[in-house]
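[1] coordinates only, no sequence provided:
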Ligand code: AP5
């Protein structure tokens, strides 16, 4: 199974991708996690991405397209994968279409999680509070200023992807305002 999760920051893409990973035995390919790992390891990509991510902006299409293409070739993706946070621009979606065609692969569904903006801000604030309470490190882009920018980037660059996937008949929309389990149940209904 090959899936894409679309949705604004805090919509629950990562939460749902992790749950489906366990259920379907396929990996979650989160470009955010891959980029944060590159930043932590101070790789060339990480050095280029850090300031952009901290500001809540999108890393270049070229960088993420390459990361994803390499990752999809790994043996654990043979049975499928869940793309979480990629594609995020129309050029990334076009690059992904081409990449899948070249590799002889097809998408099964594109699932968009719809969540109100006020709820997204509350979720980000909850995540910060929970991380602090657990003694963890708060994400450098989970602050009001960077989060506002992430929402703007989403509205301007990622939201148009819904039309892209609706046009080719692959878009399924899920109410992401419901509780985590209810959202998972809705997604599983779509995939059944
Ligand atoms: P990324 O890591 O992808 O972050 P994001 O899209 O901003 O999303 P989040 O991780 O904040 O939210 P999520 O939708 O996964 O929600 P989650 O499940 O965590 O990207 C970070 C940065 O990397 C970007 O800004 C950019 O710079 C760069 N980047 C990444 N991909 C890129 C790309 N393709 N191109 C260019 N740049 C890229 O949930 C959030 C919180 O809500 C959690 O606390 C969770 O417990 C809670 N929650 C989840 N579901 C529910 C629910 N149903 N009800 C109540 N609470 C819930």
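    On my side now, so go ahead. Owing to the predicted nature of the structure, the values given are computational and were not obtained by experimental measurement.

[2] next one: phi and psi at residue 86?
    Main-chain dihedrals, residue 86, degrees, to the nearest 10: phi -150, psi 140.

[3] relative to the ligand, how far out is it?
    According to CB to the nearest ligand atom, to the nearest Å, residue 86 and the ligand sit 4 Å apart. Yep, even glycine has a C-beta here, placed from its N, CA and C like the rest.

[4] now for the closest residue to that residue other than its chain neighbours: which residues touch it?
    Nearest residue to residue 86, sequence neighbours excluded (CB to CB, 6 or more residues apart in numbering): residue 31, at 4.3 Å. The neighbourhood of residue 31, defined by CB atoms under 8 Å, 6 or more residues apart in numbering, consists of 64, 67-68, 83-86, 88.

[5] keep only those of these that are in strands.
    Among the contacts of residue 31, the members falling in strands are 83-84 (criterion: DSSP state E).

[6] dump the contacts of residue 31 to a markdown table, plus pLDDT.
    Output for the contacts of residue 31, formatted as a markdown table (pLDDT from 0 to 100):
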| residue | pLDDT |
| --- | --- |
| 64 | 98 |
| 67 | 96 |
| 68 | 97 |
| 83 | 98 |
| 84 | 98 |
| 85 | 97 |
| 86 | 98 |
| 88 | 98 |
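
[7] now render the contacts of residue 31 as JSON lines, adding neighbour count.
    Below are the contacts of residue 31 laid out as JSON lines (neighbours: other CB atoms under 10 Å):
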{"residue": "64", "neighbour count": "25"}
{"residue": "67", "neighbour count": "19"}
{"residue": "68", "neighbour count": "22"}
{"residue": "83", "neighbour count": "24"}
{"residue": "84", "neighbour count": "24"}
{"residue": "85", "neighbour count": "24"}
{"residue": "86", "neighbour count": "23"}
{"residue": "88", "neighbour count": "21"}
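
[8] could you check what's spatially nearest to whatever residue of the chain ends up closest to the ligand, not counting adjacent residues?
    Ranking the residues of the chain by distance to the ligand (CB to the nearest ligand atom) places residue 32 first, at 1.8 Å. Nearest non-adjacent residue to residue 32, counting by CB to CB, 6+ apart: residue 85, 4.8 Å away.
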